[in-house]
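Peer 1: would you be able to build a 3D model of this:
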Amino acid sequence: MIAIIPEPVELVPKNGSFKLDQETSIYVDKELNRLGNYLRERLTTSTGFIFKEKDLQKNNQIQLKLTESNWNLVDEGYILKVKNEGIEIIARKSVGIFYAIQTLRQLLPPEIESQKVLKNIEWSICCVEIEDYPRFKWRGFMLDEARHFMGKGIVKKMLDLMALHKLNKFHWHLVDDQGWRIEIKKYPKLVEIGSKRKIKPNRGEESNLKDPDFIGGFYSQDEIKEIIDYAKERFIEVIPEIEMPGHCMATLAAYPELSCTGGPFEVPTKWGIFSDVYCPGKENVFKFLENVLLEVMDIFPTKIIHIGGDEVPVKRWKSCPNCQQKMKELGFDKEKELQVYLTNYFARFLESHGKRLMGWNQILDPTLSKEAICQFWLGNRRAIVEHMRKGGEVVATNYLQTYLDHPYKIISLKKAYKFEPKFPKVEAKLKSKLLGIEAPLWTERVPNLKRLEWQTFPRLTAYAETAWTPKKKKDFKKFKLRLIEFIKRLEFLDVKVAVEKIN
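Peer 2: Have a look, this model is predicted:
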């Protein structure tokens, strides 16, 4: 059985097979040396074979080649041909070669994912011709590390798993009420104070700090850059989220003067929505956020900076003299307009630095720049359509259909697989404005790697197929059959899959 996830666009089985052995070599175009080394490492670890690099030859060789031919594949597409005498992989861009390698891994026995050499395995690949390319440009996974800090080892493991699934956007939720996880050199108290909170043993938390009463952690800027480079090697774009103007209690604990009341505050141990948010009536708030974003932009090469923007209460703004004075100056009637003002301010600020603002759909307003990317999770779908009509782009992250932290009884594997991103009354010409889908994992109830993997797999595998495979080819029954084989691979990669939730 040929069991590839995501299901390729076109797959034609052929007679025969090709076998890897000690004499199998690899040929790469000169631009593909790094990918040749990546492939060699993936194959050598479990087979023990050397896979020497040799010039182009007819037999017993895996060939990685770029072409400028004007065929119909997009940049991420590829053609993979397995013949009795060897394997040929062709693509327009390096990223297409990379995704072909992920497919090649799945044509081999699951043992190819072993982290040690295995003896007495026949490394056989059935002959096949595959032409493949993605359905959507945006194939994302979001990890919330503000609620529970996981660390770079776990993040790198998730990036490896994203690559296997042909996912290409890693949305990194680094800031929220319960923790600030990124070093900002201009504001050291963000990590000195904002990166840790009192521990709650009754929810499975264990201290990871010297003080046994606290839990927390943060990434230095060098560690962030290391993870970005790791992701780049896997053709994954890392998109940071710096929440504003709400979900900022960890910030206010460190710098209470940025609030309406002046504090004092502690980093909260509870989940939920808090009344204290940034004060848009104070100029120092805008300067603080500008300085933070300048450092963030210096660290992250992405053109997209996510600012959150969801669940912003206006209670404090109603009684804040600074906010009321700002409203009077700007001619605002409602406090909610202050959030619109702040969002538009930072949309312009980011655009002035060659970046694009992204936020949850609560940022939407008729005055919002069309360059802003809207991430839909809950609420007014008509506003999404209007944003698309004026040229804005959208990512679908539907609350009751894609949230990996939900129990399986709310989002079953079948429901995850059946998810289709769609909005009412969208004209055909606007469909290109739907960039794709993203599955977020909020970690309020995910304190460790074991729980993270159990919540994520196999549902992320289902979302990956929706993001890549043509809609007309999706078939849940066939997917489950392929998934059984795919899970064998995940087990060799030491992934704790919720196998009991497959049905």
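Peer 1: quick one, what contacts residue 360?
Peer 2: Applying Cβ atoms under 8 Å, 6 or more residues apart in numbering, we find residue 360 in contact with 308, 309, 310, 374, 375, 377. Quick note: C-beta positions are derived from backbone N, CA and C, even for glycine.
Peer 1: between these, which sits nearest residue 140?
Peer 2: residue 375 (9.2 Å; Cβ to Cβ).
Peer 1: per-residue pLDDT, the closest one?
Peer 2: pLDDT, residue 375: 98.
Peer 1: all strands of the stretch 1-150 of the chain, in order?
Peer 2: 10-19, 25-28, 61-66, 78-83, 86-91, 124-132, 138-144 (DSSP state E, counting those that start in this stretch).
Peer 1: what's the most buried one of these?
Peer 2: Of all the strands of the stretch 1-150 of the chain, strand 138-144 has the most neighbours on average by mean count of other Cβ atoms under 10 Å, namely a mean of 25.
Peer 1: buried residues in the next helix or strand after it?
Peer 2: Scanning forward in sequence from strand 138-144 by DSSP states H and E, the next helix or strand is helix 152-164. By neighbour count on 16 or more other Cβ atoms under 10 Å, the buried set for helix 152-164 is 154, 155, 157, 158, 159, 160, 161, 162, 163, 164.
Peer 1: helices or strands up against helix 152-164?
Peer 2: Secondary-structure packing of helix 152-164 (3 or more Cβ pairs under 8 Å, 6 or more residues apart in numbering; DSSP states H and E): helix 94-107, strand 138-144, strand 169-173, helix 221-233, helix 449-456.
Peer 1: cutoff 10 Å now
Peer 2: Counting contacts by 3 or more Cβ pairs under 10 Å, 6 or more residues apart in numbering; DSSP states H and E, helix 152-164 packs against helix 94-107, strand 138-144, strand 169-173, helix 221-233, helix 449-456, helix 459-468, helix 476-492.
Peer 1: and the angle from the second one to helix 152-164?
Peer 2: Meaning strand 138-144. Counting by axes from the mean of the first three to the mean of the last three Cα atoms, to 10 degrees, strand 138-144 lies at 160 degrees to helix 152-164.
Peer 1: on that earlier part again, switch the helices and strands packed on helix 152-164 over to TSV; also include mean pLDDT and distance to residue 344.
Peer 2: Below are those laid out as TSV (pLDDT from 0 to 100; distance: least, Cβ to Cβ, whole Å):
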stretch	mean pLDDT	distance to residue 344
helix 94-107	98	34
strand 138-144	98	24
strand 169-173	99	22
helix 221-233	98	28
helix 449-456	98	35
helix 459-468	98	31
helix 476-492	97	43
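Peer 1: buried residues of the strand or helix carrying residue 328, list them for me.
Peer 2: In this assignment (DSSP H and E), residue 328 forms part of helix 321-330. For helix 321-330, burial by neighbour count (16+ other Cβ under 10 Å) applies to 323, 324, 326, 327.
Peer 1: and stretch 414-425, by the same measure?
Peer 2: Neighbour-count burial for stretch 414-425 [16+ other Cβ under 10 Å]: 415, 416, 417, 419, 421, 423.
Peer 1: list the contacts of residue 447.
Peer 2: Neighbour list for residue 447: 147, 148, 149, 150, 200, 203, 204, 205, 206, 215 [criterion: Cβ atoms under 10 Å, 6 or more residues apart in numbering].
Peer 1: got a list of what the fourth one touches?
Peer 2: Taking Cβ under 10 Å, 6+ apart as the definition of contact, the neighbours of residue 150 are 143-144, 157-158, 181, 208, 217, 443, 446-449, 452.
Peer 1: hmm, try it at 8 Å
Peer 2: Neighbour list for residue 150: 143, 443, 449, 452 [criterion: Cβ under 8 Å, 6+ apart].
Peer 1: next one: phi and psi at it?
Peer 2: Backbone torsions of residue 150, given as degrees, to the nearest 10, read phi -100, psi -40.
Peer 1: begin at 848 from now on, thanks
Peer 2: Will do, 848 is the new start, and the previous item becomes residue 997.
Peer 1: where in the stretch 898-1047 of the chain is pLDDT low?
Peer 2: In the predicted model, the stretch 898-1047 of the chain carries pLDDT under 70 at residues 917-918.
Peer 1: okay, which residue is most central for this protein?
Peer 2: residue 1017 (2.4 Å; Cα atoms, centre = their mean).
Peer 1: hang on, isn't it packed against residue 1085?
Peer 2: Yes. With contact defined as Cβ atoms under 8 Å, residue 1017 reaches residue 1085; the gap is 4.9 Å.
Peer 1: what is in contact with those two at once?
Peer 2: Contacts common to residue 1017 and residue 1085, judged by Cβ under 8 Å, 6+ apart, are residue 1078.
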